[in-house]
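Only the shape, not the letters, is given here:
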């Protein structure tokens, strides 16, 4: 009986280790994906923010400011 108990505990330990390792890998993968999306959002802002960062819009604002100054 003692050998069966040790075998069951060893099996439980191995299964727990596999589950823990897969959870750690899934967490790491998820963090990389979140960081990639965050970096993409910072480089490519959505909506009006993207338009306001465009060089053509900045030139338009500069031209309007020159006209107002005259």
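That came in fine, so what should we check first? Source: prediction; values computed, not measured. Residues are numbered from 1 along each chain as shown.

Quick one: list the elements packing against the one helix or strand in the chain whose mean pLDDT sits lowest.
For the chain, the helix or strand with the lowest mean confidence is helix 48-52, at a mean of 76 (criterion: mean pLDDT, DSSP states H and E). Under the contact definition 3 or more Cβ pairs under 8 Å, 6 or more residues apart in numbering; DSSP states H and E, helix 48-52 sits against no other helix or strand. Where you see a C-beta, it was placed from the backbone N, CA and C, and this is true even at glycine.

How about residues contacting that helix?
Outside of helix 48-52, the residues within contact range by Cβ atoms under 8 Å, 6 or more residues apart in numbering are 44, 57.

in this structure, which helix has the most residues?
Selection of the longest helix in the chain by residue count, based on DSSP state H, yields helix 2-43.

Could I get the average pLDDT for that helix?
Averaged over helix 2-43, pLDDT sits at 92.

Ok, stretch 62-70 next?
Mean pLDDT, stretch 62-70: 84.

Using neighbour counts, pick out the buried residues of that stretch.
For stretch 62-70, the neighbour count (16 or more other Cβ atoms under 10 Å) marks no residue as buried.

circling back: quick one: distance of the longest helix of the chain to the chain centre.
In this view, helix 2-43 has its centroid 18 Å away from the chain centroid, taken as Cα atoms, centre = their mean, to the nearest Å.

And for stretch 58-70?
Centroid separation for stretch 58-70 versus its chain: 39 Å, with Cα atoms, centre = their mean.

repeat for stretch 52-69
34 Å.

Distance check, residue 19 against residue 49.
The gap separating residue 19 from residue 49 is 42 Å, by Cβ to Cβ, to the nearest Å.

ah, wrong one, I meant residue 41
Relative to residue 49, residue 41 is positioned 10 Å away (Cβ to Cβ).

What of residue 43?
Residue 43 sits 12 Å away from residue 49, taking Cβ to Cβ as the criterion.
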